[in-house]
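Engineer: My questions are about this predicted structure, shown below with the sequence.
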Amino acid sequence: MNKVTFENLKHLFPEKTKISEKGNLEINNNDLSDLVNEFGSPLYVYDENTIRNISREYINCFKSKFENVHVSYSSKAFSNPVLSQILLEEGLGIDVVSGGELEILIRCKFPMKDVNFHGNNKSEYELRKSVINNIGLITIDSFYELDLLDSICNELNTTQNITLRLSPSVDPHTHELTSTGILDTKFGFSIETGAAKDAIISAQKKNNLNLKGIHFHLGSPIFELSPYEEAINYVFEFVKDNYPNYKDIEIFNVGGGFAVPYSVDDPIVNIDNYASTICNTLKENVNKNSIKNVKLVIEPGRAIVARSGIAIYTIGGIKEIPNLRKYVSVDGGMADNIRPALYGSKYSLFSVNKANMPHEEIVTIAGKFCETGDKLVENVPLPKPESNDLIAIPVSGAYNFSMSSNYNVSLRPAIVLIKSNGKVQLLRRRETYNDILELSGI
Ligand code: LLP
């Protein structure tokens, strides 16, 4: 394991994170222990600068290598009205997978032309709401959806732009629970089984649907580059043989899945490498076939927000099992971050209030939920832990809060944003028992 010093971990934290003169962690001049005093613990903290700069890096990297690129943020990673506004200002579109994610964008007046609806089982309500609100694109996942959307559009006397989600049978070598482009997946039309070919024929016959192009998403996080290359070449060959007037294809969407380092032991990820592989492979195919106006779409979720968010917890009970393990229990856990329990995800952590002290005592951070598997981080070093100390888990901005639950009738924590000017904005207040109990009418 790499030594845990702040210098070694810095790249995992938001930009402008440093150790204050008091010896506390701070972001853009905001002492994290002050934020906990104000907003409670656990607390999720996002940093606007980091979100903006990573978004720009993605756009610039891909645009420098392929003329026509659209970056569509995958909002399942973290969905929030203020975040949508930031991404809009940075020139990103957004993809949604539920009526709830769509509702957020409608209510905050996000331009619907830049929204794409994904998901393997969209409901009639979700499809209808999308069409009524003039959504830019719906990515169709099944024959059922093709028929349903066509009949909704027919009834509303309108047409809808669509892409088809294809499954290319390419293994991205990531966790089996997050592999989505292999043969045995619930997502998309399989090229291998012939379903993709039939879907194109069927889509073309629909009077109320305009087929604009294709989409695939291999899984996430993907550390290797070759799965993208393999999938683009394979899907392109398929398109050439099966897509009507393939030279007019307008959208080639390669999904997301770009990895980020979570712990001090993970490799540094270079966005430029993804951009080079994807853009060069697509360019070769496009040039070889004299295709003129194709737009490359990428859908990063994790990569845009993971590093910008941290989770802060307060230490409560400490249990030492001699020669075996020291359990340090905190006030959150699997209800706000299910990833370690679900995928065995590994994180690093750093002390908030003893940030200047050497991190040398090996501990396991246990959550407070009634499950043995509720451990956030195992066998990591901290300064000698004491009750009421604060710890920060970096790279908590993607798929933590968005996958959170009220398990054990717990309350979801507050989320704050440190704005570019250093001011703090509440993104979501901490839940109260009333929020939950009024659902049961008490
Ligand atoms: N596009 C599509 C169609 C997707 O299904 C996904 C993620 C993405 C884009 C964005 O992938 P990203 O760039 O964020 O890796 N809960 C898991 C991740 C599930 C991702 C599901 N689909 C986790 O915590 O790792």
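Structural biologist: Now that the structure is in, tell me what you want to look at.
Engineer: Beta-bridge partners for residue 17, please?
Structural biologist: According to DSSP bridges, the residues that bridge with residue 17 are residue 27.
Engineer: Tell me how many other residues crowd it.
Structural biologist: 25 (other C-beta atoms under 10 Å). To be clear about C-beta, it is placed using only N, CA and C from the backbone, and glycine gets the same treatment.
Engineer: same deal with residue 321?
Structural biologist: Other residues near residue 321 number 9, with proximity taken as other C-beta under 10 Å.
Engineer: quick one: is the longest strand along the chain near the ligand?
Structural biologist: Among the elements of the chain assigned as strand by DSSP state E, the one spanning the most residues is strand 309-321. No: figure legend: strand 309-321 not in contact with the ligand (C-beta under 6 Å from any ligand atom); closest approach 12.7 Å.
Engineer: One more: stretch 62-75?
Structural biologist: Yes: remark: stretch 62-75 sits within contact range of the ligand at residue 74, by C-beta under 6 Å from any ligand atom.
Engineer: what's the spacing between that stretch and its chain's center?
Structural biologist: A distance of 16 Å separates the centroid of the chain from that of stretch 62-75, by C-alpha atoms, centre = their mean, to the nearest Å.
Engineer: Please read off the pLDDT at the closest residue to the ligand within the stretch 101-250 of the chain from the model.
Structural biologist: For the stretch 101-250 of the chain, the residue closest to the ligand is residue 220, as judged by C-beta to the nearest ligand atom, at 2.8 Å. According to the predicted model, the pLDDT of residue 220 comes to 87.
Engineer: and what of residue 182?
Structural biologist: 78.
Engineer: Shouldn't it be within a helix?
Structural biologist: No: secondary structure of residue 182 (DSSP: H, G, I helix; E, B strand; the rest coil): coil, not part of a helix.
Engineer: got a list of what it touches?
Structural biologist: By C-beta atoms under 8 Å, 6 or more residues apart in numbering, the residues touching residue 182 are 167, 169, 170, 171, 219.
Engineer: Swap in 10 Å and give it another go.
Structural biologist: Neighbour list for residue 182: 167, 168, 169, 170, 171, 172, 176, 190, 192, 218, 219 [criterion: C-beta atoms under 10 Å, 6 or more residues apart in numbering].
Engineer: before we move on, what about residue 55?
Structural biologist: Taking C-beta under 10 Å, 6+ apart as the definition of contact, the neighbours of residue 55 are 71, 73, 86-87, 89-92, 300, 303-305, 308.
Engineer: related to what we said a few turns ago, give me the buried subset of the contacts of residue 182.
Structural biologist: Members of those that pass the buried threshold by neighbour count (16 or more other C-beta atoms under 10 Å) are listed as 167, 168, 169, 170, 171, 172, 190, 218, 219.
Engineer: Nearest residue to the fourth one in space, please, no chain neighbours.
Structural biologist: To tie it back to what came earlier, the one meant is residue 170. The spatially closest residue to residue 170, leaving aside those adjacent along the chain, is residue 231, at 4.4 Å (C-beta to C-beta, 6 or more residues apart in numbering).
Engineer: wait, that neighbour sits on residue 218?
Structural biologist: Yes: with contact defined as C-beta atoms under 10 Å, residue 231 reaches residue 218; the gap is 5.9 Å.
Engineer: what's the overlap in contacts for those two?
Structural biologist: Common neighbours of residue 231 and residue 218, counting by C-beta under 10 Å, 6+ apart, are 167, 168, 170, 171, 172, 181, 254, 255.
Engineer: Cross these against strands and list the overlap.
Structural biologist: Among the shared contacts of residue 231 and residue 218, the subset assigned to strands under DSSP E consists of residue 167.
Engineer: any idea which of the buried ones among the contacts of residue 182 is closest to residue 288?
Structural biologist: Of all those, the one with the least separation from residue 288 (C-beta to C-beta) is residue 168, at 18.9 Å.
Engineer: Quick check: the closest one touching residue 219?
Structural biologist: No: Residue 168 is not in contact with residue 219 according to C-beta under 10 Å; the separation is 11.4 Å.
Engineer: Now the common contact residues for those two.
Structural biologist: Residues within reach of residue 168 and of residue 219 at once, by C-beta under 10 Å, 6+ apart, are 181, 182, 227.
Engineer: which non-adjacent residue is nearest the last one?
Structural biologist: Put plainly, it is residue 227. residue 172 (4.4 Å).
Engineer: How about the secondary structure of the residue nearest to residue 170?
Structural biologist: Here residue 231 is helix, with the state taken from three-state DSSP.
Engineer: Please apply the same query to the one 4 residues further on.
Structural biologist: Secondary structure, three-state DSSP: residue 235 is helix.
Engineer: residues touching the residue lying closest to it once chain neighbours are set aside, list them.
Structural biologist: Using C-beta to C-beta, 6+ apart and skipping residues adjacent in sequence, the residue nearest residue 235 is residue 168, 5.3 Å away. Shown in contact with residue 168 (C-beta under 10 Å, 6+ apart): 181-183, 188, 190-192, 196, 214, 216-218, 227, 230-235, 238.
Engineer: Narrow the residues you listed to those that are buried.
Structural biologist: Listed as buried from these are 181-182, 188, 190-191, 196, 214, 216-218, 227, 230-235, 238; burial here means 16+ other C-beta under 10 Å.
Engineer: The ligand next: which of these are close?
Structural biologist: If you filter the buried ones among the contacts of residue 168 for contact with the ligand, counting by C-beta under 6 Å from any ligand atom, you are left with residue 217.
Engineer: Least confident of the buried ones among the contacts of residue 182?
Structural biologist: pLDDT across the buried ones among the contacts of residue 182 is lowest for residue 170, at 71.
Engineer: Pretty sure it sits against residue 227.
Structural biologist: Yes: the criterion here is C-beta under 10 Å, and residue 170 meets it with residue 227 at 5.3 Å.
Engineer: list residues touching both of those two?
Structural biologist: In the contact map built from C-beta under 10 Å, 6+ apart, the residues linked to both residue 170 and residue 227 are 179, 181, 218, 219.
Engineer: Tell me who's in contact with the last one.
Structural biologist: Contacts for residue 219 were tallied using C-beta under 10 Å, 6+ apart; they are 170-182, 185, 187, 227, 255-257.
Engineer: and it, bridged to which residues?
Structural biologist: Per DSSP bridges, residues listed as beta-bridge partners of residue 219: residue 179.
Engineer: And it, how close does it get to residue 181?
Structural biologist: Using C-beta to C-beta, to the nearest Å, one gets 6 Å for the distance from residue 219 to residue 181.
Engineer: Overlap in contacts, these two.
Structural biologist: Counting by C-beta under 10 Å, 6+ apart, the residues touching both residue 219 and residue 181 are 170, 171, 172, 187, 227, 255, 257.
Engineer: so which strand or helix has residue 275?
Structural biologist: With secondary structure defined by DSSP states H and E, residue 275 is part of helix 271-288.
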